[in-house]
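Peer 1: Can you look at this prediction? I've put the sequence above it.
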Amino acid sequence: NAGVTQTPKFQVLKTGQSMTLQCAQDMNHNSMYWYRQDPGMGLRLIYYSASEGTTDKGEVPNGYNVSRLNKREFSLRLESAAPSQTSVYFCASSDNRGSQPQHFGDGTRLSIL
Amino acid sequence: GESVGLHLPTLSVQEGDNSIINCAYSNSASDYFIWYKQESGKGPQFIIDIRSNMDKRQGQRVTVLLNKTVKHLSLQIAATQPGDSAVYFCAEMNTGNQFYFGTGTSLTVIP
């Protein structure tokens, strides 16, 4: 039982390049989330998907797009990467969007040069 | 926006001692709180949660205390072990069903 799996684990991009971060969960959770983690700051929500077929903006959505491909998979796309998007990205899932703990993947470390 | 903060950014404790990590929150309407542990290079790992209708909740070697009067949350780890060394942060959920995360306290256990 892998939980939440993120790929890739590391990536270096040049400014302007595009990239998709992949996330899959095997816990049959309804809700999935994308966060970014920057030094000295708490996790910040980029986008979330409360259920299959729906997506909504979080606190910092600019520069990103998401796709809830099916119940298991939720991808995050950077269309034109910028140095300000250098960060560690975490995907999470939970049973429902509400008072339930979120389960996190081990992150994708992304550097934009 | 929300403000979830920690009183101390770093904490060092002797192996076997008890650890106390604190967290302040700003939204009195928040009704659900979680403590996470994050080891280097890993994602946050759920430790324990508490709802606003409770003051205390215990798990295995961990206790969370909630003081709604002063909007304060604490995590107590009993008999701290080297494997407890990590960053610990709290998260609060407000009425909008969105979590806000603190910046974390780095716990170092001295053998």
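Peer 2: On my side now, so go ahead.

Peer 1: tell me which parts of chain A are close to chain B?
Peer 2: Proximity of chain A to chain B is confined to A:4, A:40-45, A:58-59, A:90, A:92, A:97-99, A:101-107 under the rule C-beta under 8 Å from any C-beta of the partner chain. For the C-beta atoms, the positions are set from N, CA and C on the backbone; glycine is no exception.

Peer 1: What subset of the residues you listed is buried?
Peer 2: Among the residues of chain A next to chain B, the ones that count as buried by 16 or more other C-beta atoms under 10 Å in any protein chain shown are A:4, A:42-45, A:58, A:90, A:92, A:97, A:101-107.

Peer 1: for chain A, what are the nearby residues on chain B?
Peer 2: So chain B meets chain A at B:1, B:4, B:31-32, B:34, B:41-46, B:49, B:51, B:89, B:91, B:93, B:97-104 (C-beta under 8 Å from any C-beta).

Peer 1: Give the residue spans of the chain that score low on pLDDT.
Peer 2: In the absence of a named chain, chain A is used. Applying pLDDT under 70 to chain A flags residues A:1, A:97-98.

Peer 1: that's the wrong chain, I meant chain B
Peer 2: Within chain B, the stretches with pLDDT under 70 are B:1-8.

Peer 1: Bridged to the residue nearest the centre of chain A, which residues?
Peer 2: Nearest residue to the geometric centre of chain A (C-alpha atoms, centre = their mean): residue A:34, 2.8 Å. Beta bridges link residue A:34 to residue A:47, residue A:91 when assigned by DSSP bridges.

Peer 1: check contacts around it.
Peer 2: Residue A:34 sits next to A:21, A:23, A:45-48, A:58, A:64, A:66, A:74, A:76, A:89-92 when contact means C-beta atoms under 8 Å, 6 or more residues apart in numbering or on different chains.

Peer 1: Check residue A:59 too.
Peer 2: Contact analysis of residue A:59 by C-beta under 8 Å, 6+ apart lists A:44, A:45, A:46, B:1, B:98.

Peer 1: Recalculate using a threshold of 6 Å.
Peer 2: A:44, A:45 (C-beta atoms under 6 Å, 6 or more residues apart in numbering or on different chains).

Peer 1: Can you give me the distance of it to residue B:32?
Peer 2: Distance, residue A:59 to residue B:32, by C-beta to C-beta, to the nearest Å: 18 Å.

Peer 1: do residue B:101 as well
Peer 2: Residue B:101 sits 13 Å away from residue B:32 when distances are taken as C-beta to C-beta.

Peer 1: just residue B:10 next, same as before
Peer 2: According to C-beta to C-beta, residue B:10 and residue B:32 sit 27 Å apart.

Peer 1: Nice, that's everything, thank you.
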